[in-house]
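# Everything below, folded, please.
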Amino acid sequence: MPMKRIMVTGGAGFIGSAFVRYALDAHPDLFVVVFDKLTYAGNPANLELADANRFAFVRGDIADRDALGAAMEGCDAVVNFAAESHVDRSIQGADDFIRTNVTGVYHLCGCVHELGIQRALHVSTDEVYGSIDEGAFREMDPVAPGNPYAASKAGGELIALSHYRTFGTPVIITRGSNTYGPYQYPEKVLPLFVTNAIDDEPLPLYEGGERNVRDWLHVDDHCRAIDCALRRGEPGSVYNIAGGNERENIVLTQRILDLLGKNASLIRKVKDRPGHDRRYAIDASRIRALGWRPEVAWDEGIAQTVAWYQRNEAWWRPLKSGAFRAYYERQYGTR
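Have a look, this model is predicted:
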């Protein structure tokens, strides 16, 4: 379907900004409306490499229906990245997660329906399935979220799918595996460990969780898959997006240390996260049938990502002061 103007909610965040940059490069006739609340993880600097003549920035809250609808006027499609996304923060308190990840999706679907938007894609996560010991989850498997963040994402999905079934709202769901790459806020494990190791600070690795397994997906591959699902996917459907790079947390940690030439003595075992899921794995056959394949190899992607944080200290150092430092002490100081 032709798309000349789309709105990207959460477009100043990690994956959202990467999608804006990708979409503008891949589709020369596209204009993007970036809608973002600019919470702690939203950063206008993430959009500095995007073509400034082909996107407009609107500061707004996805849970503010009037502001959302006004910004959506005239768009052909909407891609929703707006989310509270950190498991550990959701365990500390989930109010913001429910507001953004559930109520926000409800308002977004309502605006899409009322305005007659041709297509909406809601970006979700493989964490809605919960943990799996063997094999991989497929889209028809039931969700069983194991923490407040995953539960809020599952709730948003159910709102979106019920809107499709009740009103015909053309919503598509994607569930991505653990995503990594440049511009990721340093509360997440990979940028946290990279930036801590650069400064010879401890790497707080969950004790008991060091053998937990995650499937790693480069942000560029994730963006290509989302664009594929947006343009070729079937409304009312769910598409898993898997990186195909399952690694134990301790293996990821050691790889970061090796790339930075640091010693394993930086690893500090801390008390495990409550309800820590052991393994995530998803089957991506459905999105592959639409023509998508991951292109960034693990060794290449992780090396490029570590090198990016080495080169861009001016981006991440300001983020690790003030409120971040207070969060870090709450999260790890008593563990």
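# C-alpha only now, for contacts and for neighbours.
Will do.
# Just to be sure, residue 57 is in a helix?
No - per DSSP: H, G, I helix; E, B strand; the rest coil, residue 57 lies outside any helix segment and is strand.
# Which residue, other than its chain neighbours, is closest to it?
In this structure, residue 57 finds its nearest non-sequential neighbour in residue 34, 4.8 Å apart by Cα to Cα, 6 or more residues apart in numbering.
# does the one you found sit in a helix, a strand or a coil?
strand.
# The stretch 1-150 of the chain: helices as residue ranges?
14-26, 65-72, 87-92, 95-98, 104-115, 148-167 (DSSP state H, counting those that start in this stretch).
# Buried residues in the helix or strand hosting residue 221, which are they?
Taking DSSP states H and E as the criterion, residue 221 maps to helix 219-232. Using 16 or more other Cα atoms under 10 Å as the test for burial, helix 219-232 gives 219-231.
# returning to what we had before: right, and the helices of the stretch 1-150 of the chain - which one's nearest residue 267?
Closest approach to residue 267 among the helices of the stretch 1-150 of the chain is made by helix 87-92 (19.1 Å; Cα to Cα).
# what's the weakest-modelled helix or strand in this protein?
helix 323-332 (a mean of 93; mean pLDDT, DSSP states H and E).
# Look up how far residue 238 lies from residue 115.
Using Cα to Cα, to the nearest Å, residue 115 is found at 23 Å from residue 238.
# actually residue 145, sorry about that
On the measure of Cα to Cα, residue 145 and residue 238 end up 16 Å apart.
# one step back: starting at the chain centroid, how far to the least confident helix or strand of the chain?
Distance of helix 323-332 from its chain centroid, counting by Cα atoms, centre = their mean, to the nearest Å, is 21 Å.
# Also stretch 192-208?
The answer for stretch 192-208 is 21 Å, by Cα atoms, centre = their mean.
# Give me the residues contacting it.
By Cα atoms under 8 Å, 6 or more residues apart in numbering, the residues outside stretch 192-208 that reach it are 186, 250, 253, 256-257, 260, 262, 266-273, 306, 309-310, 332.
# Check the burial of the closest residue to residue 17 other than its chain neighbours by counting its neighbours.
Spatial nearest neighbour of residue 17, excluding adjacent residues (Cα to Cα, 6+ apart): residue 11 at 4.8 Å. A total of 32 residues lie near residue 11 under the criterion other Cα atoms under 10 Å.
# who's in contact with residue 11?
17, 19, 20, 34, 35, 36, 42, 81, 82.
# a markdown table for those, including pLDDT and neighbour count?
Output for those, formatted as a markdown table (pLDDT from 0 to 100; neighbours: other Cα atoms under 10 Å):
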| residue | pLDDT | neighbour count |
| --- | --- | --- |
| 17 | 98 | 28 |
| 19 | 98 | 24 |
| 20 | 98 | 27 |
| 34 | 98 | 25 |
| 35 | 98 | 26 |
| 36 | 98 | 25 |
| 42 | 97 | 20 |
| 81 | 98 | 25 |
| 82 | 98 | 27 |
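# Nearest to residue 101, out of those residues: which one, please.
Of the contacts of residue 11, the one sitting nearest to residue 101 (Cα to Cα) turns out to be residue 82, at 7.6 Å.
# Surely that closest one touches residue 12?
No - with contact defined as Cα atoms under 8 Å, residue 82 does not count as touching residue 12 (9.2 Å).
# overlap in contacts of the two?
Both residue 82 and residue 12 are in contact with residue 36, where contact means Cα under 8 Å, 6+ apart.
# Residue 145 and residue 238: which is more packed in?
residue 238 (24 against 20).
# Just give the closest residue to that one, not the sequence neighbours.
Excluding its sequence neighbours, the residue lying closest to residue 238 (Cα to Cα, 6+ apart) is residue 173, at 4.6 Å.
# for that neighbour, phi and psi?
phi -110, psi 140 (degrees, to the nearest 10).
# May I see the buried residues of stretch 234-253?
Of the residues in stretch 234-253, 235-250, 252-253 count as buried by neighbour count, 16+ other Cα under 10 Å.
# Might you report the residue contacts of residue 253?
Contacts of residue 253 (Cα under 8 Å, 6+ apart): 190, 193.
# Check which element follows the helix or strand hosting it along the chain.
Here residue 253 sits within helix 249-260, counting by DSSP H and E. Next in sequence after helix 249-260, counting helices and strands by DSSP H and E, comes strand 267-270.
# So residue 150 versus residue 309, what's the distance?
Counting by Cα to Cα - residue 150 and residue 309 are separated by 28 Å.
# should've said residue 249
19 Å.
# Residues touching stretch 255-273, excluding its own?
Here stretch 255-273 makes contact (Cα under 8 Å, 6+ apart) with 88, 193-194, 197-198, 200-209, 254, 303, 306, 332, 335.
# Show the pLDDT at the residue located most distally from the centre of the chain.
For the chain, the residue at maximal distance from the C-alpha centroid (Cα atoms, centre = their mean) is residue 265, at 30.5 Å. We have a pLDDT of 97 for residue 265.
# Likewise for residue 334?
81.
# hang on, it in a helix?
No - read with three-state DSSP, residue 334 is coil and lies in no helix.
# That one - how many residues pack around it?
For residue 334, using other Cα under 10 Å, the count is 8.
# Equivalent analysis for residue 29, please.
Burial measure for residue 29: 12 neighbouring residues, criterion other Cα under 10 Å.
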